[in-house]
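In: Make a model of this:
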Amino acid sequence: MVRPGRETRSVQSHVRASARVRDDTGSNQPRHTRTAQTHGTHTRTLNHYYQVLLELDEKVPKKTLKQEDVDAFTKATFTAEDEAVDCGICLCEVEVGDEFVRLPCNHGFHDECITRWLTEYNTQCPFKCGGDLKKK
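Out: Model (predicted):
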């Protein structure tokens, strides 16, 4: 006859044994420790890949407009009669006396903001509303 609790101890021993795994060095290591170490390595690997992607992004030529293309857009000086407009790039209100540019899609921006956006970053309206401005 098996004493009560003896079966339980043997099951517990089996569970404890299966919770241990061999690492690369051959030593037994609790699973939760291995997971934490794997997670740390995984995080370091993701950070490395993120850095590599950033470096690659810097090397890829961006689609931008030439200064003369940007100068061709409608420019005006904001007056008190104009409807209040927030610049979609810097998110500041265009104030009376500010130079602003109205794109073909009818969105308005500070002249400096949209010039930098179109000559350094992208050929589209920051609101992604009307396609490539290079074609227009």
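In: Who are the contact partners of the closest residue to Ile114 other than its chain neighbours?
Out: Of all residues beyond its chain neighbours, the one nearest Ile114 is Val101 (4.9 Å), with distances taken as C-beta to C-beta, 6 or more residues apart in numbering. (Glycine included, C-beta is placed from N, CA and C.) By C-beta atoms under 8 Å, 6 or more residues apart in numbering, Val101 lies in contact with 70, 73-75, 108-111, 114-115.
In: in a helix, that's where Val101 is, yeah?
Out: No. Assignment of Val101 by DSSP: H, G, I helix; E, B strand; the rest coil gives strand, placing it outside any helix.
In: Okay, and the beta partners of it?
Out: Lys75, Phe109 (DSSP bridges).
In: give me phi/psi at Cys105?
Out: For Cys105, the backbone dihedrals (degrees, to the nearest 10) come out as phi -80, psi 0.
In: just checking, it touches Asp132?
Out: No. When contacts are counted by C-beta atoms under 8 Å, Cys105 is not listed as touching Asp132 (11.3 Å).
In: so who does Pro126 touch?
Out: Going by C-beta under 8 Å, 6+ apart, the list of residues near Pro126 reads 88-89, 107, 109, 114, 117.
In: Identify the residue spatially nearest to it, adjacent ones excluded.
Out: Using C-beta to C-beta, 6+ apart and skipping residues adjacent in sequence, the residue nearest Pro126 is Gly88, 5.0 Å away.
In: do Thr119 as well
Out: Thr64 (5.4 Å).
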